[in-house]
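1. kindly generate the corresponding structure for this input.
(one chain, ligands or ions: 1)
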Amino acid sequence: AEPRLVVARATRISSRLALLVLRDITERERVEQMRRDFVANTSHELKTPVGAVTLLSEAIESAADDPDQVRVFASRLSAEASRLAQLTSRIMNLSRLQSTDELTEDRLVSVDEIVASAADANSLQSDSAGVDVVRGGERGLFVRGDAQVLSEAVSNLIANAIAYSPEGSSVGVGVRKDDTVVEITVTDRGIGIDEADQDRIFERFYRADPARARRTGGTGLGLSIVKHAAQRHGGEVRLWSRPGRGSTFTIRLPAADMPEASTAKKSRKK
Ligand code: ADP
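-> Now for the predicted structure:
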């Protein structure tokens, strides 16, 4: 090759290499920035309940002579403590889902079991809110992954659907298989979500209506966990919503083949 051509080629290669290195540095910086934001947001979110616990403990101490007051403060203390426990456990789950670690479990999981345990986890809430959770759709479907992570994701969707629905309404949990994808759908007839908020609500700590979310005891992490759980399983979350009409969240996961045993049982029954 002609010397000039060689030089030109060499420059092209080295500038491409430089670009690659640069891209790698930007990516690492982005991840590092995300980690810093996470720590900053988390510390900020923890401050409120930690402050409340401190104040309430002091209040109990100074009200020691008044048993009625003590009871009131103690019950508020216990509510704040359980909120703190929920917040820390969600922070831990989310940080685990965001890390590059492997999922702890990768086995065949029954979608029926995911939905049943998610509905069970919300039975107290649905009773006290007067909202019915109605299951429907296909049975006997399977996906691969971590059963606990997946049922927590579905449970978060059901919890939101209940929290943002009026008393007396019902929440539908449906399952269907579309070619190679299993869809788990949670539908409510609640307050709905403004279009401007529909992308943002999947961000950590984002709430469409902070005052209302606080009243419903939200952490602002539920949907972020749902999104990461779906993505870790090779899936995604979709949202349809109309303000005042309600919302439908759909977790889409790659379908897995039915395990041998249950296929055999089914064909024997026929
Ligand atoms: P939170 O713990 O505040 O519910 P999430 O991450 O689960 O946090 O949800 C983020 C925000 O998305 C909520 O604060 C609420 O504004 C909105 N949202 C989530 N689910 C629903 C729903 N089913 N109907 C209406 N708004 C919802």
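2. now the longest strand along the chain: buried residues?
-> If you go by DSSP state E, the chain has its longest strand at strand 246-256. Buried residues in strand 246-256, defined by neighbour count with 16 or more other Cβ atoms under 10 Å: 246-253, 255-256. Placement of C-beta: from N, CA and C, glycine included.
3. and it, which strands flank it?
-> The strands that strand 246-256 pairs with in its sheet are strand 142-145 (antiparallel), strand 181-188 (antiparallel), strand 236-242 (antiparallel) (by DSSP bridges).
4. what distance separates the second one from the middle of the whole chain?
-> Relative to its parent chain, strand 181-188 has a centroid offset of 14 Å by Cα atoms, centre = their mean, to the nearest Å.
5. which ones are touching A116?
-> R135 (Cβ atoms under 8 Å, 6 or more residues apart in numbering).
6. ditto for S169
-> S169 makes contact with 131-132, 188-190, according to Cβ under 8 Å, 6+ apart.
7. can you give me the strands for the stretch 51-200 of the chain?
-> Per DSSP state E, counting those that start in this stretch, the stretch 51-200 of the chain carries strands over the ranges 107-110, 132-137, 142-145, 170-178, 181-188.
8. quick check: residues of the stretch 51-200 of the chain near the ligand?
-> 156, 160-161, 164, 188, 190-193 (Cβ under 6 Å from any ligand atom).
9. hmm, back to that, of the contacts of S169, select the buried ones using a PyMOL command.
-> Buried residues among the contacts of S169 (16+ other Cβ under 10 Å), as a PyMOL selection:
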select buried, resi 131+188+189+190
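10. just flag the most distant two among the contacts of S169.
-> Farthest pair in those (Cβ to Cβ) is D132 and G190. Separation: 13.0 Å.
11. roughly how far does the closest residue to V181 other than its chain neighbours sit from V173?
-> Among residues not flanking V181 along the chain, R252 sits closest, at 5.1 Å (Cβ to Cβ, 6 or more residues apart in numbering). Distance of R252 to V173, computed by Cβ to Cβ, to the nearest Å: 15 Å.
12. can you map out the helices along the protein?
-> Taking DSSP state H as the criterion, the chain contains helices spanning 3-62, 67-98, 111-121, 123-129, 147-163, 210-215, 222-232, 260-269.
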